[in-house]
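In: Let me see the structure of the following:
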Amino acid sequence: MSSINQYIDLYNQYRHRIEAAAPAALNALRPAAMAALEGKRMPAKGDENYEISDLEAMYAPDYGINIDRLNVIADTDEPFRCDVPNLSTNLYYIVNDMHRGSNQAKLPDGVIVTSLRDADATGIINKHYGKIAPIDNPQVALNTLLVQDGTLVYVPAGVIVDKPIQLVNLLRAEGALMTNRRVLIVVEAGAQVKMLVCDHTQSIDTDFLNTQVVEAYVGEGATFDLYDLEEASEKTCRISSTWIRQEAGSNVLINGITLTNGTTRNDFHIDINGQHAETRLSGMAIASGRQLVDNHTFIGHNASYCHSNEMFKYVLDDEAVGAFTGKILVSPDCPRTEAYQSNRNICASPRAKMYTKPQLEIYTDDVKCGHGATVGQLDQDAMFYMQTRGISCQEARTLLMQAFMSDIIDSVRLEALRDRLRHLVEKRFAGTLAQCRSCSVAQSCHTKIKKK
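Out: Predicted structure coming up:
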C-alpha cells in the first residue's frame, strides 16, 4: 500500500479540524491536492530522479501530526544563541510548523513577515500561493493537503531591506512528529531582500519527518538572496522543495548548505521567465556516519540573454552517501543564453559513495553552456607535504576539506554570514559541531500530537 494512503485517510478523518485551523486560501487548494494524490505513490528508490532518495520509505512511518495546533511551549523572547557570533537580522521563529512573531524585527514600511493565517485578508496569498509550486508534484500535493499555516515574506516594489530576514526553524517534540512547513516569498519589482533560513533539531533523540515547500516570486529588476542552512539531527528526515520564478532583469542567489543531518532530499527548481535575468545556484554538503544528502536541481531558461551559474560540492566521510542530479534546460527561441553547471565531490573514506548526474538540454542556437562532474579523494601529495611540515594527519585533512569548500562560502553576499559559515565548516570538519542543547528555546518544550 502506498504511504500516501495513510495521509489521505488522515485528512478524510480529520478534515474539519484541519481546515478549521487554516486560512481560506490554504483550504481552497486542498481538493486539487487530493485529486493529484489519489491512486499515486511517492517516488521510490530507483525511479527517475530518485536513484538514491526513497520518499516512499521516508513517508511510510507512523508519525504524529499536530492537527489541533496545540501550542509548543518555547521561550522565543530571548535571542536564539548559536555557538558562533550572532548575525544581525530581522529574526523570526517557526516552531515545528507554527509561525511565531518577533519582538525584535524592524522592517521598512510595507514589508510583511507574518503567518499565512494573518496575511489571508491581504490578497497576496491568493495571487501567488500554489501558483509557483505545481500541484501535480507529489511532495507539493501532500504538503498542500495537510499544511495548516505557513509564513509570508512580502517586499513591495522598490523597497530595499537592508537587514536580512532570518527564519529559525526549530523541531521540538516528545514523540515522533511530521511537520508540514510552507513559505511564500514575494519580492516585487525593483525590491531587494536577503533571507537566511536555519533548520535546527532540538529534540535530537526524536524521529522527525520535516517537509517543506517554498514558493518565491522575484519580480522584474528585483534582487533576492536565499541561504538555506541545515543543522539537523541524525533522526531527522528532511524533504524540502524550493520553487523560484524570476522575471526580467532579476538577480537571484540560492545557497543550500547541509552541515549536519540524517536523511535529506532537497529540490531546487528555478524558472527564468524574463530577459537579462541572472541566477546563481550553489550548495555544499558535509556528511559522515551513515548520513544521506540528495540534491536535485532544475534551472529552466525560458527567455533570451540570461545567465545562470550552478555549483554544488560534497565532502563525504565514513559510510555517508551523496547524490546530485542537476538539469539545465534552454528552451527554444532563447539565444544568447549562458548556463554553467559543476558538481565536484570528495570521498574522504573508501566506504563513502557519491552519485552524480549533470544534464544539459539545449533547444536553441547561439548559446554558451557547459557542465561537468568530478569525484575524487583527498590529495595525498598535499597531505604528505603538510605532515612533513609538522601538521598532523587530521589537521591536514581538515585544512584540505576547508579549502575545497571555500568557493561555495565565498559566493555568499553577506560578509557576516561568510565568516559564520567558515567557522561552522571548520568546526564540522574538526568534529566539534554539535546541536545547540543549551538554547533557551529548547529548555521547555512539549506538545500533544495526533497519531495516524
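In: can you give me the end-to-end distance of stretch 108-123?
Out: Its start and end residues considered, stretch 108-123 measures 20 Å (C-alpha to C-alpha, to the nearest Å).
In: Just the mean pLDDT for that stretch, thanks.
Out: For stretch 108-123, the mean per-residue pLDDT is 90.
In: repeat for stretch 342-353
Out: 94.
In: hmm, who's touching it?
Out: The contact list for stretch 342-353, computed with C-beta atoms under 8 Å, 6 or more residues apart in numbering, reads 287, 310-322, 324, 326, 354, 356, 358, 371-378, 397, 401, 404. C-betas here are computed from N, CA, C, even on glycine.
In: How far does stretch 360-368 sit from its chain's centre?
Out: 29 Å (C-alpha atoms, centre = their mean, to the nearest Å).
In: what about that stretch, start to end distance?
Out: OK, stretch 360-368 end separation, C-alpha to C-alpha: 11 Å.
In: quick revisit: tell me which of the contacts of stretch 342-353 fall in helices.
Out: The helices, defined by DSSP state H, take in 397, 401, 404 from these.
In: Highest neighbour count among those residues?
Out: F404 (22 neighbours; other C-beta atoms under 10 Å).
In: host element of the closest residue to that residue other than its chain neighbours?
Out: Spatial nearest neighbour of F404, chain neighbours left out: I346 (6.0 Å); criterion: C-beta to C-beta, 6 or more residues apart in numbering. Here I346 sits within strand 338-347, counting by DSSP states H and E.
In: re the thing from before, show the buried residues in the contacts of stretch 342-353.
Out: Neighbour counting over the contacts of stretch 342-353 (16 or more other C-beta atoms under 10 Å) leaves 287, 310-317, 319-322, 324, 326, 354, 356, 358, 371, 373, 375, 378, 397, 401, 404 as the buried ones.
In: Mark which of those are part of strands, please.
Out: Among these, the members found in strands (DSSP state E) are 287, 310-316, 321-322, 324, 326, 354, 356, 358, 371, 373, 375.
In: show me what contacts G221?
Out: By C-beta under 8 Å, 6+ apart, the neighbours of G221 are 189-190, 247-250.
In: Specify the residue positioned farthest from the middle of this structure.
Out: T388 (41.4 Å; C-alpha atoms, centre = their mean).
In: how much space between that residue and Q394?
Out: From T388 across to Q394, the span is 16 Å (C-beta to C-beta, to the nearest Å).
In: ok, back up a step: counting neighbours, what do you get for the residue nearest to F404?
Out: Residues near I346, counting by other C-beta under 10 Å: 23.
In: what do you get for D199?
Out: Quick note: D199 (other C-beta under 10 Å) scores 26 neighbours.
In: Please apply the same query to D207.
Out: The local packing of D207 (other C-beta under 10 Å) involves 19 other residues.
In: do the same with G219
Out: 22.
In: show me what contacts it?
Out: 157, 187-191, 247, 250.
In: Could you do V367 as well?
Out: V367 neighbours (C-beta under 8 Å, 6+ apart): 330, 334-339.
In: Could you rerun that using 7 Å?
Out: For V367, the contact set (C-beta atoms under 7 Å, 6 or more residues apart in numbering) comprises 330, 335, 337.
In: Low-confidence regions, this structure specifically.
Out: Along the chain, the parts satisfying pLDDT under 70 run over 1, 73-86, 103, 432-452.
In: Where do the helices of it begin and end?
Out: 3-20, 24-28, 30-37, 55-59, 124-128, 138-146, 380-388, 393-410, 415-430.
In: most tightly surrounded among these?
Out: Mean neighbour count (mean count of other C-beta atoms under 10 Å) peaks for helix 138-146 among these, with a mean of 23.
In: okay, it in PDB with CA atoms only?
Out: C-alpha atoms of helix 138-146 as PDB (Å, rounded to 0.1, in the frame of the first residue of the first chain):
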ATOM      1  CA  PRO A 138       3.500  14.500  -5.100                       C
ATOM      2  CA  GLN A 139       5.600  16.300  -2.300                       C
ATOM      3  CA  VAL A 140       3.900  19.600  -3.100                       C
ATOM      4  CA  ALA A 141       0.500  18.000  -3.300                       C
ATOM      5  CA  LEU A 142       0.800  16.200   0.100                       C
ATOM      6  CA  ASN A 143       2.100  19.400   1.800                       C
ATOM      7  CA  THR A 144      -0.800  21.300   0.300                       C
ATOM      8  CA  LEU A 145      -3.300  18.800   1.500                       C
ATOM      9  CA  LEU A 146      -2.000  18.800   5.100                       C
END
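In: for it, packing partners?
Out: Using 3 or more C-beta pairs under 7 Å, 6 or more residues apart in numbering; DSSP states H and E, the elements in contact with helix 138-146 are helix 3-20, helix 30-37, strand 177-187, strand 208-218, strand 236-246.
In: out of those, which comes closest to R100?
Out: strand 177-187 (12.7 Å; C-beta to C-beta).
In: Distance from the closest one to the middle of the chain?
Out: Taking C-alpha atoms, centre = their mean, the mean C-alpha location of strand 177-187 is offset from the chain mean by 10 Å.
In: what angle sits between that strand and strand 208-218?
Out: Orientation check (axes from the mean of the first three to the mean of the last three C-alpha atoms, to 10 degrees): strand 177-187 against strand 208-218 gives 10 degrees.
In: And the contacts of strand 177-187?
Out: Counting by C-beta under 7 Å, 6+ apart, 63-65, 94, 96-97, 116, 124-125, 128-129, 143, 146-147, 150-155, 169, 171, 193, 206, 208-219, 222, 224, 449 sit against strand 177-187.
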